[in-house]
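Asker: Everything below, folded, please.
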Amino acid sequence: MATRPIYQPVIIGEKPQVRIEDTEFTWFPGLSVQQKQKSIHALHSAGLDKGLGNILEISSKSPVQVGVSLSAFNLMITTKNKRSFTVETAFQSSKVFEKGGPYIDLLDGDSRAAKKDIRLKESGDLIGFIFFKKQFPIEPKTIFYDWLYIKALSQNNDLVELILQYDGFTDIEFNPKKSLNCQAYSAALFVSLVKMGVVDNALSSFEAFSTFLGVEYKSRENLLPVQTKLF
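Answerer: Numbering: from 1, shown residues only. Below is the predicted model:
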């Protein structure tokens, strides 16, 4: 048996939120897509037994194409100067550590290679993020990843239309005991913002996004060391 979260978009008062339903299910060991999808089916079935319907798996192992497309490994973000890359490469290439970074060359590789790049493990503690000359904090711990993912999703109208048909989201690869950032959580947060009718305002700036989430954020130019490379 294993336990994984199911994320549901909710609105409480005037604040978009995500309800996390930790769900126990039968785990099918193995690295093959077939085994992963057996685990996904078992997780979703367990969710249905708890009254959680219409659940979408968001990962490269998803049994439906929309879930695969919404994976951070595949979901594309486009900057103002028309550069496009996946959410995963954008996130990994933005990391700044005590002893190095950001490693912007990761933007030119694929998502899996970027995530496994040895420099991300050998450069000391993570101290912040730089994404196209703008600095971002590491607290709250998932806020930059959530902003990046939601920003990317908002640019993909076809996926937005499809994701709004679901009531809950999972990521079979995500283990909350080992990782922090979760694309299924970010997707649920996006749906909450859409249902509130505030997604455009929330994405007008990172400061606005923080405010909608109830986080006080003040931009500081000296957040990171001077020697870091801006791109």
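Asker: Tell me, please, where in the protein the pLDDT is lower than the cut-off.
Answerer: Residue ranges of the chain with pLDDT under 70: 216-231.
Asker: Show me it divided up by domain.
Answerer: For the chain, automatic domain parsing gives the domain ranges 1-75+158-196, 85-155+199-231.
Asker: who's in contact with the residue lying closest to Ser39 once chain neighbours are set aside?
Answerer: Spatial nearest neighbour of Ser39, excluding adjacent residues (C-beta to C-beta, 6 or more residues apart in numbering): Phe28 at 4.8 Å. (Each C-beta comes from the backbone N, C-alpha and C, glycine too.) Neighbour list for Phe28: Gln35, Lys36, Lys38, Ser39, Ala42 [criterion: C-beta atoms under 8 Å, 6 or more residues apart in numbering].
Asker: Reformat the residues you listed as a markdown table; add distance to Thr170 and secondary structure.
Answerer: Compiled in a markdown table, these are given as follows (distance: C-beta to C-beta, whole Å; DSSP: H, G, I helix; E, B strand; the rest coil):
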| residue | distance to Thr170 | secondary structure |
| --- | --- | --- |
| Gln35 | 16 | helix |
| Lys36 | 11 | helix |
| Lys38 | 14 | helix |
| Ser39 | 10 | helix |
| Ala42 | 11 | helix |
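Asker: Could I get the phi/psi values of the residue most central in space within the chain?
Answerer: Nearest to the mean C-alpha position of the chain, by C-alpha atoms, centre = their mean, lies Gln183 at 3.4 Å. Taking degrees, to the nearest 10, you get phi -60, psi -30 for the backbone angles of Gln183.
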